[in-house]
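Enquirer: A structural model of the following input is requested.
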Amino acid sequence: MSDAYSPVPELNLLKAFADRVGRVYYSDGFELHEYGADVGLGTWSEEPEFLSRFIPFACANGSGSSYAFWRCDDRADLAGLPIAFIGDEGDLYIVARNLLELFQLLAIDDEALQPEFVEEHSEAHEEYLAWLEETFGLRPPEDIDALRTAAKEDDDRFQSWLAQMGIGQ
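Expert: Predicted coordinates for the structure are as follows:
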């Protein structure tokens, strides 16, 4: 039995980084929680087909929203799955095409992922930026609109799937 945080190597690297910097934020509102933990998806649907398609792994903000892998298919590489935002106010959408794109978005250091709202960076933000570049060769997104546009195709599929599941937005 493994002591790894998750079966996702990239997520395990982030967990090791988070453990190293301690109980401080490196991206506003973001915090890893128990891999696969219940985040209240049953409030949308209790259908096993719905619930089994999400693997929650992090808090997205300070008010109860989460990030989860959306199992849109049965690929083995979970890091390549789209990342769903599960909002505490009823939002469900795809925020990134994959885990590394989410890592880039976290470099913005705003829980709404809006660079224009950043007033002050989180305590371990600079360490996160250095870790992101050293570990994955990534920097904060230069064109956030391009990342959002790229994720829109996955979000369109996600919204169609939600509609098929009888979940309206």
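Enquirer: Centroid-nearest residue for this protein?
Expert: The centroid of the chain falls nearest to residue 67 when counting by Cα atoms, centre = their mean (3.9 Å).
Enquirer: helix or strand for that residue, which one?
Expert: Per DSSP states H and E, residue 67 falls inside strand 66-70.
Enquirer: can you give me the helices in the protein?
Expert: Remark: helices assigned in the chain by DSSP state H are 9-21, 48-51, 99-106, 125-136, 144-164.
Enquirer: Mean neighbour count, those helices: which tops it?
Expert: Most buried of these, by mean neighbour count (mean count of other Cβ atoms under 10 Å): helix 99-106, with a mean of 22. Backbone N, C-alpha and C define where each C-beta goes, glycine included.
Enquirer: If you count contacts, what does that helix end up packed against?
Expert: On a contact count with 3 or more Cβ pairs under 8 Å, 6 or more residues apart in numbering; DSSP states H and E, helix 99-106 meets helix 9-21, strand 83-86, strand 92-96, helix 125-136, helix 144-164.
Enquirer: got the angle for it vs helix 125-136?
Expert: 160 degrees (axes from the mean of the first three to the mean of the last three Cα atoms, to 10 degrees).
Enquirer: Please enumerate residues in contact with stretch 79-90?
Expert: 8-11, 39-41, 54, 56, 60-61, 63-73, 75, 91-102, 151, 154-155, 158, 169 (Cβ atoms under 8 Å, 6 or more residues apart in numbering).
Enquirer: could you flag which of those are buried?
Expert: Taking 16 or more other Cβ atoms under 10 Å as the criterion, what is buried in the contacts of stretch 79-90 is 8, 10-11, 39, 41, 54, 56, 60-61, 65-70, 92-102, 151, 154-155, 158.
Enquirer: Where does pLDDT dip in the chain?
Expert: Scanning the chain for pLDDT under 70 picks out 1-2, 169.
Enquirer: and the gap between the closest residue in space to residue 88 that isn't next to it in sequence and residue 47?
Expert: Spatial nearest neighbour of residue 88, chain neighbours left out: residue 64 (3.5 Å); criterion: Cβ to Cβ, 6 or more residues apart in numbering. As judged by Cβ to Cβ, to the nearest Å, residue 64 and residue 47 stand 22 Å apart.
Enquirer: Just checking: what are the partner strands of the strand holding residue 67?
Expert: strand 54-59 (antiparallel), strand 83-86 (antiparallel) (DSSP bridges).
Enquirer: Same list, these, but as JSON lines with distance to residue 20 please.
Expert: Below are the strands paired with strand 66-70 laid out as JSON lines (distance: least, Cβ to Cβ, whole Å):
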{"stretch": "strand 54-59", "distance to residue 20": "17"}
{"stretch": "strand 83-86", "distance to residue 20": "23"}
